[in-house]
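# Any chance you can model this:
(2 chains)
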Amino acid sequence: MEKTNTNEMMIEFDSYTCNEAFARVAVAAFCTQLNPTLEEVADLKTAVSEAVTNAIIHAYDEKVEKIRIICKIVAHDMYITVIDHGKGIPDVDKAMEPLYTTKPQLERSGMGFAFMEAFMDEITVVSEPGKGTQVHMKKRVGIGTSPFV
Amino acid sequence: MKEICEKRGNKLYVTVPIELDHVEADQLRQEVERMLVDAVIREVIFDFRNTVFMDSSGIGMLMGRQRSMQQMGGCVRVIHAGERIQRILELSGVYKVITIN
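You can find the predicted model right below:
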């Protein structure tokens, strides 16, 4: 079979809080083929945890629905998309402001998107009220370790 | 199992779990708040020596405890935070209101 330098996986799971840990570990496991540094793995895990927590708490208001994660490796770039079909974000720019939260009573810090931005190279949020949210993230991983084989 | 919260004088020592995420942050909040009802506590000390993962849920939990302690004239402190945890604390800005050492 011919080898290409891309590899893709998709997982879909219920929006239970216990699946936040599952999701970040699954993405971290998929990324090991790029020989990431420990710090890179930690960065990915934090970003995934933030996106999935947002879907559970905000998009679905803790109702049980489906969350999908698509991961794609292209050479040394890791692309992660977290998709929900929840209530959507009316003002994405506002939502991405550090410390902004619509749920202070749940002690949300308003730092979720700020952490995704800090730990990933790129992030794009596509959302429409009533139609759900897609968080697209990208990070270069495993540079300086062994090359892609 | 070792207790998460240990009262020593008017200080409350909290052993933070290995991964401080949404689930663990909710549990820790309940546990600490329960201890604060029963005892006179001036300082809550979060010991991060075992912790390798934290996200913004952990930050929210720390900020919440800082607020409730401040109302009672007390404070919150973070000890034994590793490099990763320190970076997240710095990014979030909580070091401005919480002592980290």
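
# and the residue nearest in space to the middle of chain B, which of the three is it?
Nearest to the geometric centre of chain B sits residue B:46, at 3.9 Å (CA atoms, centre = their mean). Under DSSP: H, G, I helix; E, B strand; the rest coil, residue B:46 falls in the strand class.

# Give me the below-cutoff pLDDT ranges for the chain.
Answering for chain A, as no chain was given. Within chain A, the set of residues satisfying pLDDT under 70 comprises A:1-3, A:144-149.

# Chain B, not that one
B:1-2.

# Would you mind listing what in chain B touches chain A?
Applying CB under 8 Å from any CB of the partner chain, we find that chain B lies next to chain A at B:19, B:21-23, B:25-26, B:29, B:52-57, B:59-61, B:63-64, B:84, B:88, B:91-93. (C-beta placed from N, C-alpha, C; glycine too.)

# Can you tell me which of the residues you listed are classed as buried?
B:19, B:21-23, B:25-26, B:29, B:53-57, B:59-61, B:63-64, B:84, B:88, B:91-93 (16 or more other CB atoms under 10 Å in any protein chain shown).

# Keep only those of the residues you listed that are in helices.
Taking DSSP state H as the definition of helices, these contribute B:22-23, B:25-26, B:29, B:56-57, B:59-61, B:63-64, B:84, B:88, B:91-92.

# neighbouring contacts of stretch B:64-77?
A:107, B:29, B:32-33, B:36, B:41-46, B:62, B:94, B:97-101 (CB atoms under 8 Å, 6 or more residues apart in numbering or on different chains).

# hmm, 7 Å instead?
A:107, B:29, B:32, B:36, B:41-46, B:62, B:97-99 (CB atoms under 7 Å, 6 or more residues apart in numbering or on different chains).

# repeat for stretch A:90-103
Contacts of stretch A:90-103 (CB under 7 Å, 6+ apart): A:57-58, A:89, A:108-111, A:113-114, A:125, A:127, A:129.

# Tell me if stretch A:13-21 is near chain B.
Yes: interface with chain B: stretch A:13-21 contributes A:17-18, A:20-21 (CB under 7 Å from any CB of the partner chain).

# Apply the buried test to these and list what passes.
Applying 16+ other CB under 10 Å to these flags A:17, A:20-21 as buried.

# and those residues as TSV, adding distance to residue B:11 and secondary structure?
Below are those laid out as TSV (distance: CB to CB, whole Å; DSSP: H, G, I helix; E, B strand; the rest coil):
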residue	distance to residue B:11	secondary structure
A:17	30	coil
A:20	31	helix
A:21	30	helix
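
# Strands of chain A, residue ranges please.
For chain A, the strands defined by DSSP state E occupy A:6-14, A:66-74, A:77-84, A:122-128, A:132-140.

# Just the C-alpha atoms of the third one, please, in CSV.
Below are the C-alpha coordinates for strand A:77-84, written out as CSV (Å, rounded to 0.1, in the frame of the first residue of the first chain):
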residue,chain,number,x,y,z
ASP,A,77,0.5,19.7,11.1
MET,A,78,-2.2,18.5,13.4
TYR,A,79,-5.7,19.7,12.5
ILE,A,80,-8.4,19.3,15.1
THR,A,81,-12.0,20.1,14.6
VAL,A,82,-14.5,19.9,17.4
ILE,A,83,-18.2,20.0,16.3
ASP,A,84,-21.4,20.3,18.2
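
# Centre of the chain to that strand, how far?
For strand A:77-84, the separation from the chain centroid amounts to 6 Å (computed by CA atoms, centre = their mean, to the nearest Å).
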